[in-house]
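Novice: Model the structure of this input:
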Amino acid sequence: MALVHEFYLIPAVGDAEHLWMNIANNPKVMDSVVIHDDIILYINDTLKWIPSSNPALPGMPTGAGINYYGVTLFDQHSAAALHRIFSAWRDLFLNSPQVLELTGEFYTIEGEEQSGQYERLIYERHEVIEQFAKMISFADRLFEGGFYLFHCGI
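Specialist: Below you'll find the predicted structure:
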């Protein structure tokens, strides 16, 4: 099974600190998008600029970026950065060929000290752009207030 990150848009009703539990089956989920882990890792440095909070910790502390292995909450305070960052990546990828080829993580071959290479990530451009467009639309809803966007990490 591929590693993925799930994003769920829900109305900001109830206790956000506990609302994320079993979010995939929550009837309040209005929309969702799944983004492959390789894409998240590729853009991760820029995701660290988005204000967020961690509803899995007591007091739901604020910070920035995503909780890679856990849950992250984005709200109205996150909307502007979320919108600008995903818009910038979408606009950049619109210039790529139909088959989007990216450079992934560097890995070595066990037992061969001087060997290694970068992983080649290959995606259909339109699929990644659609995912980013969905994130932009979620950010637009966050602007309005009254909504949360939950990220569930790998």
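Novice: can you pull out the helices in this protein?
Specialist: 16-19, 37-47, 79-93, 125-144 (DSSP state H).
Novice: Check which helices and strands the third one sits against.
Specialist: Of the remaining helices and strands, those touching helix 79-93 by 3 or more Cβ pairs under 8 Å, 6 or more residues apart in numbering; DSSP states H and E are helix 37-47, helix 125-144. Any C-beta I mention is one placed from the backbone N, CA and C, and that applies to glycine too.
Novice: still on that earlier bit, wait, which of the helices of the chain is closest to Gly111?
Specialist: helix 37-47 (25.3 Å; Cβ to Cβ).
Novice: who does that closest one touch, helix- and strand-wise?
Specialist: For helix 37-47, the packing partners by 3+ Cβ pairs under 8 Å, 6+ apart are strand 4-11, helix 79-93, strand 99-107, strand 117-124.
Novice: And those: which comes nearest Phe143?
Specialist: helix 79-93 (4.4 Å).
Novice: what's the closest one in contact with?
Specialist: 43, 46-47, 49-51, 74, 100, 125, 128-129, 132-133, 135-136, 138-140, 142-143, 149 (Cβ atoms under 8 Å, 6 or more residues apart in numbering).
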